[in-house]
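Undergrad: give me the fold of what follows.
(chains A and B)
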There are 2 protein chains.
Amino acid sequence: MALLRWHYARMNKAFLAASAALALTLPASAQEAGKPAYPAPSEIVAAAPKSDWVAIPAEDLLVMTLAPDAEGKARQVVIQLMPAPFSQGWVHNIRLFARSGWYDGISVNRVQDNYVTQWGDPNYDNPEATGEPKPLPEGLKVMKEKEYVVSDIAALQDGYLPVFRRHEAANKNSRDDVIAFPIHDAYPGTPFHFKGWPLVLGFTGRIADHAYPTHCYGMVGVGRNYSPDTGSGAELYTVIGHAPRHLDRNIALVGRVIEGMDHLSSLPRGKGALGFYAADEADKRTPILSVRVASDLPASEQPRFEYLSTESDTFATYAEAIANRRDPFFIVPAGGADICNIRVPVRAVSGG
Amino acid sequence: MALLRWHYARMNKAFLAASAALALTLPASAQEAGKPAYPAPSEIVAAAPKSDWVAIPAEDLLVMTLAPDAEGKARQVVIQLMPAPFSQGWVHNIRLFARSGWYDGISVNRVQDNYVTQWGDPNYDNPEATGEPKPLPEGLKVMKEKEYVVSDIAALQDGYLPVFRRHEAANKNSRDDVIAFPIHDAYPGTPFHFKGWPLVLGFTGRIADHAYPTHCYGMVGVGRNYSPDTGSGAELYTVIGHAPRHLDRNIALVGRVIEGMDHLSSLPRGKGALGFYAADEADKRTPILSVRVASDLPASEQPRFEYLSTESDTFATYAEAIANRRDPFFIVPAGGADICNIRVPVRAVSGG
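TA: Alright, predicted model coming up:
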């Protein structure tokens, strides 16, 4: 898979079918050794039973419609909001901004390479402002910094306890020649998944006593000013590069992009400080036409998504396969995986 | 810094200057506590003495000129090739491809979100081929898989021994309330920097006996087919998302993009399998007009770059500051850093 080039140029269709099938079988040498096939992570996900998929509530989905692109094609982004117990004050605010129509007419104002794409009111705290900032809606909560982390980890025990159970499952599924999936990290704490989200279990000394979401690619957070400001949700960003994990615990994470990420990641980078669009490129700001909570849309227009239960055996097997790629392209399994490379599978479901 | 919004909207220029200065000072609370200021990583780099900067040889720079963008603006990408002892057979091939003009007229054929942008001959192994593939130049080396890693780590001892010395320096520079920079990773091995490159020191059991470059954002690698193919260098890619570290030791890394990365990272994503441009979007392929080794250009046209010595005390201090951000925006230092977030500073130098 990976960086493999396609094999089927200049060949007839019958050969194409054979060649495509070939890519899913083991190289001859491994077959000769009598080993079973190692499926790719995507094949493990494709084989997951229906019961391993969890529906995402429509109340947790934001549908953000950008102005059409240069070719006139529609651009829609779907964001999944974080469930309790994470960042619920900011999530409340974001639903309020969406339902009051406040987000309609804002724009993408900042695109910094290998960092973030950020959107909000272009007339708020922007040196290139061309008008007055929008008044904020009433009813916004003012959140405290302590809410960046969850201190009541009893609420999470269904999540972090299975870290260890999953670790066992991964070991069970591994082979003699495959290093079991270790839960290591470049940062303090123990990364784990809980109800579909990438999290870190934090320690005080040797005592696990808090947890927090982590800044993986595609995660959505709340722009803020200097401490003690925590941001309202009027200004949001998503990660478009290597995970800026130093922002964990310093800023509120409220969700992730689950569809249309490329509409945010492939935008032109801003030439101004911090990747903001500079004075002579204000026309590069992408207008945001509307943001709606999916449950407010007519049923026929509501997008529907499911995620692969991170508490399922399938997910454990998937994570182990990512940590130890043995599908045909690979010659050396990594022997580990960054939590941000163990992306939680999310799929669209057709209406019905 | 980070996700801070600009403070200086709707203010006059005099205020702007004062406000900009303010952002570089400590919040009052920290000053009151009598603590010295914590500079941001960028400030540490800006204060580095000239002697900490190392000139990159023109022989190690590739100048890749893409077709102008939709607005007619020139797009130039500069790639720094890896020095010995890494991947030198492929680097030899890449210089040969460049000097024979083979790369001129190829294109970007694949852009996969959160993964890679890949360029090569659009008529080679491509189902959307519209012509015959280019014949390869003579004199290409055929590399073995074992060359993905360096086994003679004696050649690297100037690099990996300072890992521990730098660790000491970082500890020396840290404060009581800052966790010293730990060299941890989500993957086996010990990450370190050597002559400006992100590497991993590999172990067999407890014995360090090999090292290899690692797939950070912006690194450039060699596309290949199934093992034992190792790729010639005709097809190259760069990482445009979270580091795909599972590719380490499975594919040759040959360099990194040091200028113009946004010209590759902000391209439209391909709709075909693996992010290749599909049949109905072949017009999205970005033409590559030319690729030149900088030393072959007239002296006045040669780009000049320097990197911050990764063996310098400045780099150790910079790495520690990244692992423990204490500049004013941050409220909780991370206590660690992924090697791919400790980006080696590279700067352009004016000619002369």
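Undergrad: hey, where'd the helices end up in the stretch 1-150 of chain A?
TA: For the stretch 1-150 of chain A, the helices defined by DSSP state H, counting those that start in this stretch occupy A:13-22, A:28-32, A:41-46, A:88-99.
Undergrad: mean pLDDT lowest for which of these?
TA: Sorting those by mean pLDDT places helix A:13-22 lowest, at a mean of 29.
Undergrad: what distance do you get for A:Thr238 to B:Trp197?
TA: A:Thr238 sits 29 Å away from B:Trp197 when distances are taken as CB to CB, to the nearest Å. Glycine gets a C-beta too; all of them are placed from N, C-alpha and C.
Undergrad: ignore the last one, A:Ile240
TA: Distance from A:Ile240 to B:Trp197, by CB to CB: 24 Å.
Undergrad: neighbour count winner among these two?
TA: A:Ile240 (30 against 22; other CB atoms under 10 Å in any protein chain shown).
Undergrad: so what's the nearest residue to that one once chain neighbours are set aside up against?
TA: Closest residue to A:Ile240 apart from its sequence neighbours, by CB to CB, 6 or more residues apart in numbering or on different chains: A:Ser265 at 4.4 Å. Residues near A:Ser265 by CB atoms under 8 Å, 6 or more residues apart in numbering or on different chains: A:Thr117, A:Ile240, B:Asp113, B:Asn114, B:Ser265, B:Arg269.
Undergrad: per-residue pLDDT of A:Ser265, please?
TA: Looking at A:Ser265, its pLDDT stands at 98.
Undergrad: quick check: it vs B:Asp262, distance?
TA: 12 Å.
Undergrad: please apply the same query to A:Val54.
TA: 37 Å.
Undergrad: pick out whichever of these two has more residues nearby.
TA: B:Asp262 (21 against 16).
Undergrad: neighbours of A:Glu306, how many?
TA: 17.
Undergrad: ah, wrong one, I meant A:Lys50
TA: 6.
Undergrad: can you pull the contacts of it?
TA: A:Lys50 neighbours (CB under 8 Å, 6+ apart): none.
Undergrad: for the one 10 residues further on, same thing?
TA: Counting by CB under 8 Å, 6+ apart, A:Asp60 makes contact with A:Gln80, A:Leu81, A:Pro83, A:Gly255.
Undergrad: nearest to chain B, of those?
TA: Relative to chain B, the closest of the contacts of A:Asp60 is A:Gly255; by CB to the nearest CB it sits at 15.4 Å.
Undergrad: what about that closest one, which SS state?
TA: The three-state label given to A:Gly255 by DSSP: H, G, I helix; E, B strand; the rest coil is strand.
Undergrad: A:Glu306 now?
TA: Applying three-state DSSP: A:Glu306 is strand.
Undergrad: so what pairs up with it in the strands?
TA: Taking DSSP bridges, one finds A:Ala55, A:Arg347 as the beta-bridge partners of A:Glu306.
Undergrad: next one: it from chain B, what distance?
TA: According to CB to the nearest CB, to the nearest Å, A:Glu306 and chain B sit 20 Å apart.
Undergrad: thinking that residue is in contact with A:Trp53, fair?
TA: Yes - contact criterion CB atoms under 8 Å: A:Glu306 and A:Trp53 qualify, at 4.1 Å.
Undergrad: overlap in contacts, those two.
TA: Contacts common to A:Glu306 and A:Trp53, judged by CB under 8 Å, 6+ apart, are A:Arg347.
Undergrad: around chain B, pick out the residues from the stretch 251-352 of chain A.
TA: A:251, A:261-262, A:265-269, A:273-274, A:276, A:322-323, A:325, A:328-341 (CB under 8 Å from any CB of the partner chain).
Undergrad: among these, which ones are buried?
TA: A:251, A:261-262, A:265-269, A:274, A:276, A:322-323, A:325, A:328-341 (16 or more other CB atoms under 10 Å in any protein chain shown).
Undergrad: quick one: the closest residue to A:Asn114 other than its chain neighbours from A:Leu264, how far?
TA: Excluding the flanking residues, the one nearest A:Asn114 by CB to CB, 6+ apart is A:Gly241, at 3.3 Å. As for A:Gly241, its distance to A:Leu264 is 12 Å (criterion: CB to CB).
Undergrad: repeat that for A:Tyr187.
TA: Counting by CB to CB, the gap from A:Tyr187 to A:Leu264 is 25 Å.
Undergrad: what do you get for A:Ala316?
TA: 31 Å.
Undergrad: I figured A:Ile322 hits A:Pro41, correct?
TA: Yes - counting by CB under 8 Å, A:Ile322 touches A:Pro41, with 5.1 Å between them.
Undergrad: all set now, cheers.
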